[in-house]
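K.L.:
Requesting a structural model of the entry that follows:
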Amino acid sequence: MSTAADAPTDADPERVASALSTAEFVRIYPRPTGDALAAAGVLARALDARDTAFQVRATRDEAIPDGDGSALALGWTPPNATGIPSGSRPVSAVAADVADAVGVEPDPIVGLAGVVAAGTVPGEGASGSLLEEAERRGVVDRRPGVAVPTADLADGLAHSTRIWTPYSGDPDAARELLADLGIDTGSDGAAEIDEDAHRRLASAVALDATADAPDRAVSAVERALRPYATSTGPFETLGGHADVFDALARERPGLGVALALGADVTDAALSTWRDHAGRVHAALADPTTGRYDGAFVVRVEASPADAPALATAARLVREYASPEPVALVVSDDAAAAAGDGAADTIAALQAGVEATTDADPDDASAGDTDRAEETNRDGDSVDVFGDDRLGEARFAGGDVQAFIGAFREALR
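P.N.:
Have a look, this model is predicted:
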């Protein structure tokens, strides 16, 4: 099996803070991930508190565009600017340290939502100071239950992409579950319930999510239980906030930037989250699966418009269904792969694209990058994007079996 290149080291917050402290104008370029969008919000708010002008734009480019002022990349390492790359710590946690270093208290809700989006439990990943500040301010309160963004539990359960259960994508089935548990959420689904009801719900979700699932499903569902409620935030829980950030990063990163900056876009954000989750769960409703040495492959029916949902689907498959370390979800013209960072999923996706599009290998971009582009013989653009834990590919159709074969071979 091929191994990934050495993971980038965490950025030095003091060095980044020094670059920002003397800047008159800062251009912030987060990768379209929930963690990086939250980090952009943390730093933009800190810059605003210092009366430093800034601009935020999510990007998949390999380099920072030319422009005035100082540039900062979040979630990646550009060749021509300061960057806070993905590393052992969530990008949002490093961003919070940068805000501290420039003398501004970071927004703990936004920062912790990014920490959760990175797959880390609040307080871990060196985010303890963020959690302590949130608790000191009284803006988080841990309680039993499930982490969803909405007060309507059936809506939250059906559209969550933090869990994968028999009622995922089906609000009616989620309401039946609540009724079977004797949980009355009122006519609008948003009535408050007591801690005992939250515990019953959490137990049922844990059982449903881990039945016939790999061992890692236990850890995945645990991260979605005992949520931190956020009475002053735009959503009901930190985990729900993270779920929305992830969906916006895939579907509408510009809206994700607006949310991170504190704009009143809650309704639009929730609508996008529901649409994204609906596509994710629809794609996984009736897949064709295959298990190979090192990879669990899921063939799905999905239109080109559904391509942004495949990365979320791959993450769910790996967490809740894959007996192998890497999960690949592939349609006729897009694919996504999720792993633990031990295998180079970007290189494997690139190999799949080359096999599927019959591209000239001599024209390939370096496989060990955040993004690689090629042009096939028909002039169609193909794209590989992401990191060793979660990568995506777009291609112009072709022999999907060849894609799968080349992907598997690249993992060996």
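
K.L.:
all strands of the stretch 101-250 of the chain, in order?
P.N.:
Secondary structure of the stretch 101-250 of the chain by DSSP state E, counting those that start in this stretch: the strands cover 141-142, 228-229.

K.L.:
Of those strands, flag the one that's most buried.
P.N.:
strand 228-229 (a mean of 22; mean count of other C-beta atoms under 10 Å). For glycine as for every other residue, the C-beta is placed from the backbone atoms N, C-alpha and C.

K.L.:
Who are the contact partners of the residue nearest in space to the middle of the chain?
P.N.:
By C-alpha atoms, centre = their mean, the chain has its centre lying nearest to Asp246, at 4.1 Å. By C-beta atoms under 8 Å, 6 or more residues apart in numbering, the contact list for Asp246 reads 33-34, 117, 161, 312.

K.L.:
With Ala44 instead?
P.N.:
By C-beta under 8 Å, 6+ apart, the neighbours of Ala44 are 28, 54, 56, 260-261.

K.L.:
Out of those, which two are the most distant from each other?
P.N.:
Using C-beta to C-beta, the contacts of Ala44 span at most 12.2 Å, a distance reached by Phe54 and Ala260.

K.L.:
Between the two, point out the one with more neighbours.
P.N.:
Legend: neighbour count by other C-beta atoms under 10 Å for Phe54 and Ala260, higher for Ala260 (29 against 22).

K.L.:
if I look at the nearest residue to the more buried one once chain neighbours are set aside, how far off is Ser92?
P.N.:
Distances taken as C-beta to C-beta, 6 or more residues apart in numbering place Gly41 nearest to Ala260, at 2.8 Å, with adjacent residues excluded. Applying C-beta to C-beta, to the nearest Å, the value for Gly41 to Ser92 is 8 Å.

K.L.:
ranges for the strands of the stretch 251-400 of the chain?
P.N.:
Along the stretch 251-400 of the chain, the segments classed as strands by DSSP E, counting those that start in this stretch run 288-292, 295-299, 326-330, 334-338, 371-375, 381-386, 390-394.

K.L.:
helix, strand or coil for the residue nearest to Ala260?
P.N.:
helix (DSSP: H, G, I helix; E, B strand; the rest coil).

K.L.:
Take the strands of the stretch 101-250 of the chain and write them to JSON lines, including distance to Glu135.
P.N.:
Compiled in JSON lines, the strands of the stretch 101-250 of the chain are given as follows (distance: least, C-beta to C-beta, whole Å):
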{"stretch": "strand 141-142", "distance to Glu135": "8"}
{"stretch": "strand 228-229", "distance to Glu135": "9"}
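
K.L.:
what's the closest of those strands to Ala327?
P.N.:
When the strands of the stretch 101-250 of the chain are compared by C-beta to C-beta, strand 228-229 sits nearest Ala327, at 28.0 Å.
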